[in-house]
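Participant: Pasting a predicted model and its sequence here:
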Amino acid sequence: METFSELNIKEPLSRAISELGFTKPSPIQAQALPILLGEATDFIGLAATGTGKTAAFSIPLLQKIDPKKRAVQGLILCPTRELSLQVAGQVNLLGKHLGIKALSIYGGAGYGDQFKGLRDGHQIVIGTPGRLIDHLERGSLKLDNVSVVVLDEADEMISMGFREAMETILGSVPRDTSNIWLFSATMSPSVKRVAENFLIKPEMVQVNKTEMLSSTVHQSYFITAEKNKPEILCKLIDGADDFFGLVFCQTKALVIDLTRYLSENGYTVDCLHGDKSQKDREIAMNRFRERKAKILICTDVAARGLDVKDVTHVINFSIPRELDNYVHRIGRTARSGKSGYAISLVSPANRYLIKRIEHVTKSRMVEGSLPSRKSLAAKKIGTILEKLTAQTNYKLAVDVMDDAWKEAISGMSSEELAGRFLGIIFPEVFGDEGRPAMQRADMPTESERQENGRANRRDRGERRGGRRGDRNDRPGRGDREKRFSRRDRGGEGRRSRQREV
């Protein structure tokens, strides 16, 4: 299948697909759509985030829905409220000419609008497992007429602790008149058990991991001590032409610390983590989508299902605990054929994880080089050159200069005068105020050399069966950089216990 026009679908649905600009199907769509638009069947689709799974199940689901029937006919389970809202938005865009409406149901929001939507007869319901269970128990959600149940990001729902809720919902669906379509990035043992228990002779499509990763995403990594990561992150942001990206952290505490650090250093930044209310999450997402915040810092689970256009960078402040999450993370950039950058900050002790990622993704990561201080400074001052030349009120400033001013600048060249003012405007680049002045990019800092040495000694100690602690990481030495080190220390490679809805 080369184009969507080859599909035998209803004209209103075909028109909506064209209006959305869909022309060439992605690999998962090309393989799944002919199956799901055919005879009724259970189905397993394995593909990563960002590969077009939503359209792969939404198009055939809409094809099967009866617009005249005011009852829930399609049910889509999502791991998070953000993904639920985004899937509902996509379904409504695709179904607008069919007269089919989708309703999003999730926790953290009031029941009033959800009760009303269910009474009004929305044909497709998209929701998180916990809130769907609530509606089932209240009797406000009826599944008698459901013909298709979609499990979107099934591996994530299970890892977040929703397996029981999923199974309860699946057990409430009339299996003799319905089908289950399971979509997941991985076929973990838990996902496999759900499939074996509830799916009947499913058709299966798997997109290889090499196909899961966009060919236009540039993957790189930087080896650096934990406590130097915030400054390295700033250099990467400053060195980008137009940074608009996501920064992933392991814990909510680290998200909060890093957001504060960047905000204090003049960056437009917001964050997502499990302690944020739904209203605050929506505010943060709107700020990011509207580019009022160019940087969004988040945990893996809080960011599940984010779909924001034209994200230029995904930065792993540390390698994710579950390496499959690496594919989920970097799938948020380099979409729709556009290029993007996936950058990982890796501590010396965890350098071995680079090889593991390359093995899992069947792709190559390159060690990056930081932009030089000179190039960053040139980029900084370039941002105000246009404002300087466009300034028309400078004569008013000249008029108020007294003799002291005139005497002070009389012996200065124009370059010196401009340089002095640039030093005042950008102290983080040209002076010692604010964020520490940037080091030469081609030389490791003294702290990096010390940390590399300590990491090597720790590695040798581990091989001998004993691990020596780093004095600088002990409690009581709590400056900002060491707080970052403690927040993230040991985070890479460990199993997450954090759950968010």
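Facilitator: Here it is on my side, so go on.
Participant: Could you pull out the strands in the stretch 301-450 of the chain for me?
Facilitator: In the stretch 301-450 of the chain, the strands defined using DSSP state E, counting those that start in this stretch lie at 313-316, 340-346, 366-367.
Participant: Those strands into TSV, with extra columns for distance to residue 423, mean neighbour count and mean pLDDT?
Facilitator: All C-beta atoms are positioned from the backbone trio N, CA, C, and that covers glycine. Output for the strands of the stretch 301-450 of the chain, formatted as TSV (distance: least, CB to CB, whole Å; neighbours: other CB atoms under 10 Å; pLDDT from 0 to 100):
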stretch	distance to residue 423	mean neighbour count	mean pLDDT
strand 313-316	29	24	96
strand 340-346	29	24	95
strand 366-367	33	10	94
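Participant: Let's have these in a markdown table, adding distance to residue 56.
Facilitator: Compiled in a markdown table, these are given as follows (distance: least, CB to CB, whole Å):
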| stretch | distance to residue 56 |
| --- | --- |
| strand 313-316 | 23 |
| strand 340-346 | 22 |
| strand 366-367 | 32 |
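Participant: so residue 97 sits in a helix?
Facilitator: No - counting by DSSP: H, G, I helix; E, B strand; the rest coil, residue 97 is not part of a helix but coil.
Participant: and it, what is it in contact with?
Facilitator: Residue 97 sits next to 12, 13, 15, 16 when contact means CB atoms under 8 Å, 6 or more residues apart in numbering.
Participant: how close does it sit to residue 3?
Facilitator: Counting by CB to CB, to the nearest Å, the gap from residue 97 to residue 3 is 19 Å.
Participant: residue ranges for the strands of the stretch 51-200 of the chain, please.
Facilitator: Taking DSSP E, counting those that start in this stretch, the strands of the stretch 51-200 of the chain run over residues 74-77, 102-105, 124-127, 148-151, 179-184.
Participant: Select, out of those, the one closest to residue 412.
Facilitator: Among the strands of the stretch 51-200 of the chain, strand 102-105 comes nearest to residue 412, with 62.3 Å by CB to CB.
Participant: Please state the offset of that closest one from the chain centre?
Facilitator: For strand 102-105, the separation from the chain centroid amounts to 22 Å (computed by CA atoms, centre = their mean, to the nearest Å).
Participant: repeat for stretch 340-353
Facilitator: In this view, stretch 340-353 has its centroid 17 Å away from the chain centroid, taken as CA atoms, centre = their mean.
Participant: ok, now stretch 7-22?
Facilitator: Put simply, stretch 7-22 sits 28 Å off its chain's centre (CA atoms, centre = their mean).
Participant: now stretch 7-24
Facilitator: Offset of stretch 7-24 from its chain centre (CA atoms, centre = their mean): 28 Å.
Participant: would you put the C-alpha positions of that stretch in PDB?
Facilitator: The C-alpha trace of stretch 7-24 is given here as PDB (Å, rounded to 0.1, in the frame of the first residue of the first chain):
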ATOM      1  CA  LEU A   7      -8.000   2.100   0.700                       C
ATOM      2  CA  ASN A   8     -11.700   1.100   0.300                       C
ATOM      3  CA  ILE A   9     -13.100   3.500   2.800                       C
ATOM      4  CA  LYS A  10     -16.200   5.800   3.100                       C
ATOM      5  CA  GLU A  11     -15.900   9.100   1.100                       C
ATOM      6  CA  PRO A  12     -16.400  11.400   4.200                       C
ATOM      7  CA  LEU A  13     -13.500   9.600   5.900                       C
ATOM      8  CA  SER A  14     -11.300   9.700   2.800                       C
ATOM      9  CA  ARG A  15     -12.000  13.500   2.600                       C
ATOM     10  CA  ALA A  16     -10.900  14.000   6.200                       C
ATOM     11  CA  ILE A  17      -7.700  12.100   5.600                       C
ATOM     12  CA  SER A  18      -6.900  14.300   2.600                       C
ATOM     13  CA  GLU A  19      -7.700  17.500   4.600                       C
ATOM     14  CA  LEU A  20      -5.300  16.400   7.300                       C
ATOM     15  CA  GLY A  21      -2.600  16.200   4.700                       C
ATOM     16  CA  PHE A  22      -2.100  12.400   5.000                       C
ATOM     17  CA  THR A  23      -0.700  11.000   1.700                       C
ATOM     18  CA  LYS A  24       1.800   8.300   2.200                       C
END
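Participant: ok, residues contacting it?
Facilitator: Under the contact criterion CB under 8 Å, 6+ apart, stretch 7-24 has outside partners 1-5, 33-34, 37, 55, 59, 62-63, 93-98.
Participant: tell me the contacts of residue 100?
Facilitator: Going by CB under 8 Å, 6+ apart, residue 100 touches 62, 65, 67, 91, 123, 124.
Participant: What is the most widely separated pair among those residues?
Facilitator: 67 and 91 (13.1 Å).
Participant: okay, the two: which has more neighbours?
Facilitator: It is residue 91, of residue 67 and residue 91, that has more neighbours when counted by other CB atoms under 10 Å, with 28 against 15.
Participant: quick one, what contacts the more buried one?
Facilitator: Residue 91 sits next to 58, 61, 62, 76, 100, 102, 124, 126 when contact means CB under 8 Å, 6+ apart.
Participant: out of those residues, which are buried?
Facilitator: For the contacts of residue 91, a burial check counting by 16 or more other CB atoms under 10 Å picks out 58, 61, 62, 76, 100, 102, 124, 126.
Participant: what would those look like in JSON lines with pLDDT and distance to residue 414?
Facilitator: Supplementary listing: the buried ones among the contacts of residue 91 in JSON lines, determined by pLDDT from 0 to 100; distance: CB to CB, whole Å:
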{"residue": "58", "pLDDT": "97", "distance to residue 414": "61"}
{"residue": "61", "pLDDT": "98", "distance to residue 414": "67"}
{"residue": "62", "pLDDT": "97", "distance to residue 414": "65"}
{"residue": "76", "pLDDT": "98", "distance to residue 414": "64"}
{"residue": "100", "pLDDT": "95", "distance to residue 414": "67"}
{"residue": "102", "pLDDT": "95", "distance to residue 414": "62"}
{"residue": "124", "pLDDT": "98", "distance to residue 414": "66"}
{"residue": "126", "pLDDT": "98", "distance to residue 414": "62"}
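Participant: Let's have the residues you listed in JSON lines, adding distance to residue 316.
Facilitator: Listed next are the buried ones among the contacts of residue 91 as JSON lines, based on distance: CB to CB, whole Å:
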{"residue": "58", "distance to residue 316": "30"}
{"residue": "61", "distance to residue 316": "34"}
{"residue": "62", "distance to residue 316": "36"}
{"residue": "76", "distance to residue 316": "29"}
{"residue": "100", "distance to residue 316": "39"}
{"residue": "102", "distance to residue 316": "33"}
{"residue": "124", "distance to residue 316": "35"}
{"residue": "126", "distance to residue 316": "29"}
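Participant: Out of the residues you listed, the closest to residue 156 would be?
Facilitator: Nearest to residue 156 among the buried ones among the contacts of residue 91 is residue 76, at 13.8 Å by CB to CB.
Participant: beta partners of that closest one?
Facilitator: Taking DSSP bridges as the rule, residue 76 bridges to residue 126, residue 150.
Participant: now it: how far from residue 54?
Facilitator: Distance, residue 76 to residue 54, by CB to CB: 9 Å.
Participant: Would you mind giving the domain segments of this protein?
Facilitator: Annotated domains of the chain cover 4-211, 213-371, 374-430 [automatic domain parsing].
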